[in-house]
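Peer 1: could you work out the structure for the sequence below:
(3 chains)
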Amino acid sequence: MPELPEVEVVRRGLATHVEGRRLVGVELRGHRVARRHVAGPEDLASRLAGRRVAAVRRRGKYLWWDLEDGVGLILHLGMSGQLLVEDPALPDEKHLHARFSFEGGGPELRFVDQRTFGGLALTDLGHDGVPLTIAHIAPDPLEDAYDRAAVVRRMKGKDSAVKRVLLDQTVVSGIGNIYADEALWRAQVHGERPASALTKPRLGTLLDHATEVMREALGEGGTSFDALYVNVNGASGYFDRSLAAYGQEGRPCRRCGTPIRREQFMNRSSFSCPRCQPRPRRVRAAGSARA
DNA sequence: CCCCCACCCTGTCCGC
DNA sequence: TGCGGACAGGGTGGGG
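Peer 2: Okay, the predicted model is just below:
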């Protein structure tokens, strides 16, 4: 489940079920789920057995288990990954890729992923406790390490479209296509405006809207349009009812009544209000004004 | 550095 | 019913 709120919902569910428990068995199906684990699935499974899950952590859309001794298991959901706590007697899902069982018995944990864009990998943790392989991912707005002023400065220095910058996980993490569109709608900014063309207070406000909308979504259990996006118990969130822009093509804008438009941007759909979020008149590279 | 594209996969929906 | 195409919340790597 893609964006920060949905991943945080999963993190919380996982924390309840696996924190402090010891892995007794790990079964991996196929090689794709562990493709980012260079040593291969057998190595991954054997190195996991017997380890204790000290904590379940998250940065942006990435989850990982702190397995002590400076080692972590990254669990990334990609577009369609699910982590499900289930009775071992239940039949296997069609796209079951991994099964974890824990000391003391009880329900098992399954990694199910229709498209297999997600996956598992064992990696060393850095001094800050973050896996080395995701050191390029910036802190997300719900972390202590999040430096709002630094992110604003970074955004201000970019001539790229502001939506592209919001989606750049090396600038600020956790924001995906839904919450980027919602933040832009709240801030009344068109996503194709160059970030550098917005004032720092405006960029700060935009970031705060992104933070706030993700907090609200978390409070509703995340956004679920279909059964693909569920928590560890298979339940959906309700934030889809609160979306003002994403997926609302043709529906009246909640502010001004103008029908929400849909445009293509970065090979995906963008939703915005034509009146509240006018397109930039002209997108011009910085420096092109020099005579 | 920046941007665009292809790619990694499967499923659903819509028009013909 | 079938078929082709578009589309879906993710990220990475290569080439220009």
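Peer 1: wait, residue A:202 touches residue A:188, no?
Peer 2: No. Assessed by C-beta atoms under 8 Å, residue A:202 is found out of contact with residue A:188, at 9.7 Å. C-beta coordinates here come from the backbone N, C-alpha and C atoms, glycine included.
Peer 1: so where does the closest residue to residue A:29 other than its chain neighbours fall, helix or strand?
Peer 2: Excluding its sequence neighbours, the residue lying closest to residue A:29 (C-beta to C-beta, 6 or more residues apart in numbering) is residue A:97, at 5.3 Å. Using DSSP states H and E, residue A:97 maps to strand A:96-102.
Peer 1: which parts of that strand are buried?
Peer 2: A:96, A:97, A:98, A:99, A:100, A:101, A:102 (16 or more other C-beta atoms under 10 Å).
Peer 1: quick one: residues in contact with it.
Peer 2: A:18, A:21-30, A:32-33, A:48, A:88, A:108-113, A:116, A:120 (C-beta atoms under 8 Å, 6 or more residues apart in numbering).
Peer 1: let me see the contact set for the residue lying closest to residue A:3 once chain neighbours are set aside.
Peer 2: Once flanking residues are discounted, residue A:3 sits nearest to residue A:176: 3.8 Å by C-beta to C-beta, 6+ apart. By C-beta under 8 Å, 6+ apart, the contact set of residue A:176 is A:2, A:3, A:4, A:61, A:167.
Peer 1: likewise residue A:274?
Peer 2: Residue A:274 neighbours (C-beta under 8 Å, 6+ apart): A:258, A:259, A:261.
Peer 1: who wins for most neighbours among those?
Peer 2: residue A:261 (18 neighbours; other C-beta atoms under 10 Å).
Peer 1: distance of that one relative to residue A:276?
Peer 2: With distances taken as C-beta to C-beta, to the nearest Å, residue A:261 is found 11 Å from residue A:276.
Peer 1: one more: residue A:243?
Peer 2: For residue A:243, the distance to residue A:276 - C-beta to C-beta - is 15 Å.
Peer 1: before we move on, the earlier item: please narrow the contacts of residue A:176 to those residing in strands.
Peer 2: Using DSSP state E, no member of the contacts of residue A:176 falls within strands.
Peer 1: by neighbours, which of the residues you listed wins?
Peer 2: residue A:4 (28 neighbours).
Peer 1: is it in contact with residue A:60, as I believe?
Peer 2: Yes. At 6.3 Å, residue A:4 and residue A:60 qualify as touching, with contact defined as C-beta under 8 Å.
Peer 1: mutual contacts of these two, please.
Peer 2: In contact with both residue A:4 and residue A:60: A:140, A:173, A:174, using C-beta under 8 Å, 6+ apart.
Peer 1: all helices of the stretch 51-200 of chain A, in order?
Peer 2: Using DSSP state H, counting those that start in this stretch, the helices found in the stretch 51-200 of chain A span residues A:148-156, A:162-167, A:177-187, A:200-219.
Peer 1: can you list the buried residues in stretch A:76-89?
Peer 2: Here stretch A:76-89 shows A:76, A:77, A:80, A:81, A:82, A:83, A:84, A:85, A:86 as buried, counting by 16+ other C-beta under 10 Å.
Peer 1: just stretch A:145-160 next, same as before
Peer 2: Buried, per 16+ other C-beta under 10 Å, within stretch A:145-160: A:146, A:151, A:152, A:154, A:155, A:156, A:158.
Peer 1: including distance to residue A:210 and secondary structure, could the contacts of residue A:274 go into CSV?
Peer 2: As requested, those are arranged in CSV below (distance: C-beta to C-beta, whole Å; DSSP: H, G, I helix; E, B strand; the rest coil):
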residue, distance to residue A:210, secondary structure
A:258, 23, coil
A:259, 24, strand
A:261, 21, strand
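Peer 1: now those as CSV including distance to residue A:227 and pLDDT?
Peer 2: Converted to CSV, the contacts of residue A:274 look like this (distance: C-beta to C-beta, whole Å; pLDDT from 0 to 100):
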residue, distance to residue A:227, pLDDT
A:258, 33, 97
A:259, 29, 97
A:261, 29, 96
